[in-house]
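# Need a 3D model of the following:
(2 chains)
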Amino acid sequence: MPYASIDELESALAGASYLPDRGLSTALYLSLKLEKPLLLEGEAGVGKTEAAKAIATALGARLIRLQCYEGLDVAHAVYEWNYARQLLHIRAAQEGTVDEAELFGPEFLIRRPLLEALEAEEPVVLLIDEIDRADEEFEAFLLEVLSDFQITVPELGTISAKQRPYVILTSNRTRELHDALKRRCLFHWIGHPSLEREIEIVKLRVPGVPERLAAEAAAFVAELRLLDLQKPPGLAETIDWARALTALGTQELDVENVSATLGSVLKYHEDLLSVRDEALAGLVASARGR
Amino acid sequence: MAGSAVVSHIVTFGRVLREAGLEVGPGRVADAVKGLDAVELARQDDVYWTLRQTLVSRREDIEAFDRAFDAWFLRAPLKRPGATKEAPPKRGERRKGATPGPGSEIDGGETSLGAWSHEELLRTKDFASMTPEEFARAKKLIQAIAVARPQRRTRRLRPDSKGRALDVRGLVRASLATGGDPVHRAFRSRSEAPRKLVLILDVSGSMEAYARAMLLYLHAARGSGRGVEAFAFGTRLTRLTHELGSRDPETALAAAAKRVMDWSGGTRIGESLKAYNDEYGRRALTRGAVVVVLSDGCERGDPGLVAEEMARLRRQAFAVVWVNPLKGDPAYQPLAGGMRAALPHVDRFLAGHDVASLEALGTVLGGIERRHAA
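Numbers count the residues shown, from 1 in each chain, chains lettered A, B, ... in the order given. The predicted structure is shown next:
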């Protein structure tokens, strides 16, 4: 545990270009301290995945990411045998006989993220991204891995973690996760950042953004979130947008440059239609007025 | 280690949270104590976050946690948001009020008939006209309804001699015997899994006579396997998936009734569907799912909103089914504003006024295909 306090962790994360609020830094700190996996939930684009990347950078650890999807199975999450190589090996050894034990040795094993994380010699951050998308069977399997930090490969035996990886799970809540899994984890819900923090984050993440533009863009997005939109923009959208505006040499918002670039903030056609003309002019005026 | 005063404080706080409906086991309390040991107790925000992150595991519980935290640690007056609203009727309370007189007459008339026809009669009796005894028996029938679900193809491949994808893993093993020549080929094919099922139940005043039977149906459906989500609404939407997860129907119903704040109140179908689309549809819960709305379609709000939100729902769902208990009456015409607005966006429109029609619903769900005509 390299950090003696939450403040220390916060400054390390700031060094990795990540500005968490107090709640998130407390969560990261506690999960390091209590050696428990951290489950992060929140709307899309609030920085769940970014948090894992930042803590890996801050810790000087390697980030290993397992992206979950429906139908994810052991072959894609843990290991798979390199069949093509095995076939070649059998052909090459035509003369002699091939021993099955030889064929299922470590050199024919393809390591997928979970096994890679367990076998790592150096410190690793294991990011299990969008766990809610995986099937429940896989969740149950994961629960086993997270309790013992070991995996059994039938042909090789049980492989135990050389050291406990630091685990972060994210979920978009498309379904409720199993209680047993939640019991293993600390839980943190990430909301949208405050306006001041969002301005700070934009300035940190978008090099060369004019001070005034950062403030106006963040204020504009904050206003958008109050509207009744199908997909309110997240922090990721604010950053993308500020980047686009900066690339266009924009110094401050006006109706023209906002309408030209609004597509990087609002991703639904209906949402774009609802923020037009007077509504748009009003939003620009109030974002500039502060 | 934290002082014993802190420990007993947290243990008591855990009990307060349990009373507020949170699941706080001893493991969580131990984590909270360990966590507090690691942070500055003088900083109130650090204490708040530590307790929230160790004791809460669902977003829905954050509000209740915040209230309890304020009351417990900040000595703020405990607000009870549910206190002003009418409490949900306890099990059977409403039916207890009905005089058992005329009901026993029907029972008396039926004793000569066999048990089979007894049950048959019960199956086609409108829930609204059942006596408490009949409802108690009907309950068993509803619980026993097997909820069939349509299948979808999965990405995962299973061994299948008639499959079309080559099973390379099997091939390598088989080739060992033939010196690396793939003589015996094994195949795999995609397998099938049940589709997601989303049930949205109207528990407003006008649905009162049917809501309990339908809630039982939701519980039965929830028990049919993975990927079932349940919601209830009157004026606001409540997710009941977790509450209905309990095996025992009585426990599940009690938990659900505790969660639903607006039982037997007004109806806002459009806004409730909008809340569903905004909160859950956006997170892809609807995508590829069969969505069943159980409501009489009596909307107090704007029917235009109902149409808009149903259209949104249908764009994402695999199929949309509307179950309306009023449709059990042969003379019923869907003239109510909300119902009329919703119909163009519904794939199947079914009755749900008795046990038989709920059983039929199960069959329809099992065989549903995309884009049926209503």
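
# For the helix or strand containing residue B:338, which helices and strands make contact with it?
In the assignment (DSSP states H and E), residue B:338 maps to helix B:337-342. Packed against helix B:337-342 by the contact rule (3 or more CB pairs under 8 Å, 6 or more residues apart in numbering or on different chains; DSSP states H and E) you find helix B:269-276, helix B:303-316. All C-beta spots, glycine's among them, are computed from the backbone N, C-alpha and C.

# again, only this time at 10 Å
helix B:269-276, helix B:303-316, strand B:319-323 (3 or more CB pairs under 10 Å, 6 or more residues apart in numbering or on different chains; DSSP states H and E).

# CA atoms of the second one as PDB?
Taking C-alpha atoms only, helix B:303-316 is exported to PDB below (Å, rounded to 0.1, in the frame of the first residue of the first chain):
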ATOM      1  CA  PRO B 303     -52.000  10.200 -24.300                       C
ATOM      2  CA  GLY B 304     -49.600  11.700 -26.700                       C
ATOM      3  CA  LEU B 305     -46.700  11.000 -24.400                       C
ATOM      4  CA  VAL B 306     -47.900   7.300 -24.100                       C
ATOM      5  CA  ALA B 307     -47.700   7.000 -27.900                       C
ATOM      6  CA  GLU B 308     -44.300   8.600 -28.000                       C
ATOM      7  CA  GLU B 309     -42.800   6.400 -25.300                       C
ATOM      8  CA  MET B 310     -44.400   3.200 -26.600                       C
ATOM      9  CA  ALA B 311     -42.900   4.000 -30.000                       C
ATOM     10  CA  ARG B 312     -39.500   4.400 -28.300                       C
ATOM     11  CA  LEU B 313     -40.000   1.200 -26.500                       C
ATOM     12  CA  ARG B 314     -40.900  -0.700 -29.600                       C
ATOM     13  CA  ARG B 315     -37.900   0.600 -31.500                       C
ATOM     14  CA  GLN B 316     -35.600  -1.100 -29.000                       C
END
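
# Now it: buried residues?
Neighbour counts over helix B:303-316 (16 or more other CB atoms under 10 Å in any protein chain shown) mark B:303, B:305-310, B:312-314, B:316 as buried.

# Quick one: neighbours of residue 16, just the number.
Assuming you mean chain A. Neighbour count of residue A:16, defined by other CB atoms under 10 Å in any protein chain shown: 16.

# Actually, chain B is the one I wanted.
So residue B:16, with other CB under 10 Å, has 17 neighbours.

# Over to residue A:106?
11.

# ok, now residue A:2?
11.

# Tell me the pLDDT of the closest residue to it other than its chain neighbours.
The spatial neighbour of residue A:2 that comes closest, neighbours along the chain excluded (CB to CB, 6 or more residues apart in numbering or on different chains), is residue A:59 at 6.7 Å. Predicted confidence (pLDDT) for residue A:59: 93.

# Kindly report the same for residue A:233.
On pLDDT, residue A:233 comes in at 92.

# Touching, residue B:236 and residue B:263? I think so.
No: using CB atoms under 10 Å, residue B:236 is not in contact with residue B:263, being 11.3 Å away.

# Which one's more surrounded, the two?
residue B:263 (21 against 14).

# Show the pLDDT at the more buried one.
pLDDT, residue B:263: 77.

# do the one 10 residues further on as well
According to the predicted model, the pLDDT of residue B:273 comes to 94.

# likewise residue B:324?
91.

# could you pull out the strands for chain B?
For chain B, the strands defined by DSSP state E cover B:151-159, B:165-166, B:187-194, B:197-202, B:228-233, B:237-239, B:290-294, B:319-323, B:348-350.

# could these be laid out in TSV, adding distance to chain A?
Output for the strands of chain B, formatted as TSV (distance: least, CB to the nearest CB, whole Å):
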stretch	distance to chain A
strand B:151-159	3
strand B:165-166	10
strand B:187-194	8
strand B:197-202	11
strand B:228-233	7
strand B:237-239	8
strand B:290-294	14
strand B:319-323	18
strand B:348-350	24
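
# what's near enough to touch the residue nearest to residue A:2?
A:2-3, A:9, A:12-13, A:16, A:28, A:32, A:123-125, A:166 (CB atoms under 10 Å, 6 or more residues apart in numbering or on different chains).

# bridging residues for the most centrally placed residue in chain B?
With distances taken as CA atoms, centre = their mean, residue B:230 lies nearest the centre of chain B, 1.6 Å away. When assigned by DSSP bridges, residue B:230 has beta-bridge partners residue B:199.

# My read is that it contacts residue B:239, right?
Yes: with contact defined as CB under 10 Å, residue B:230 counts as touching residue B:239 (7.5 Å).

# What parts of the stretch 51-200 of chain B come near chain A?
By CB under 10 Å from any CB of the partner chain, the residues of the stretch 51-200 of chain B that approach chain A are B:52-62, B:152-157, B:167-173, B:175-176, B:178-182, B:190-191, B:193, B:196.

# Look at residue A:282 and say how many residues are nearby.
12.

# Low-confidence stretches in the stretch 51-200 of chain A?
A:94-96 (pLDDT under 70).

# Going along the chain, name the helices of it.
Applying DSSP state H, counting those that start in this stretch to the stretch 51-200 of chain A gives helices spanning A:74-77, A:83-92, A:100-103, A:113-119, A:136-148, A:179-184, A:195-205.

# residue contacts, residue B:32?
Residue B:32 neighbours (CB under 10 Å, 6+ apart): A:30, B:2, B:6-7, B:10-11, B:13-14, B:24, B:47, B:50-55.

# Also residue B:223?
Neighbouring residues of residue B:223 by CB under 10 Å, 6+ apart: B:143, B:146-147, B:244-247, B:249, B:252.

# swap the cut-off to 8 Å and go again
Residues in contact with residue B:223 (CB atoms under 8 Å, 6 or more residues apart in numbering or on different chains) are residue B:247.

# Return the residues of the stretch 1-150 of chain A in contact with chain B.
Along the stretch 1-150 of chain A, the residues adjacent to chain B under the rule CB under 8 Å from any CB of the partner chain are A:5-6, A:22-23, A:26-27, A:29-30, A:33-34, A:36, A:39, A:41, A:69-71, A:73, A:81, A:83-84, A:86-87, A:90-91, A:94, A:98, A:100, A:103, A:135-136.

# Report the mean confidence score over the helix or strand hosting residue A:40.
In the assignment (DSSP H and E), residue A:40 maps to strand A:38-42. Mean pLDDT, strand A:38-42: 94.

# What are the contacting residues of it?
Residues contacting strand A:38-42 (CB under 8 Å, 6+ apart): A:27-28, A:31, A:48, A:51, A:167-173, A:177, A:181-182, A:185-191, B:57, B:59.

# One more pass at 7 Å, please.
Strand A:38-42 has contacts (CB atoms under 7 Å, 6 or more residues apart in numbering or on different chains) with A:27-28, A:31, A:48, A:51, A:168-171, A:173, A:182, A:185-191, B:59.

# State the distance from the residue nearest to the centre of chain B to residue B:280.
Distance, residue B:230 to residue B:280, by CB to CB, to the nearest Å: 11 Å.

# Next: residue A:68.
Residue A:68 is 19 Å from residue B:280, by CB to CB.

# for residue A:44, same thing?
13 Å.

# Who has more neighbours out of these two?
residue B:280 (20 against 17).

# could you list every residue that touches the closest residue to that one other than its chain neighbours?
Take residue B:280 and drop its neighbours on the chain: the residue closest to it by CB to CB, 6+ apart is residue B:286, 7.1 Å away. Listed by CB under 7 Å, 6+ apart, the contact set of residue B:286 reads B:198, B:313, B:316-317.

# where's the dip in pLDDT among those residues?
Out of those, that is residue B:316, at 84.

# Does that one touch residue B:283 like I think?
No: with contact defined as CB atoms under 7 Å, residue B:316 does not reach residue B:283; the gap is 10.9 Å.

# For the stretch 51-200 of chain B, give me the ranges with low pLDDT.
Judged by pLDDT under 70, the stretches of the stretch 51-200 of chain B that qualify are B:75-120, B:146, B:148, B:154-156, B:180.
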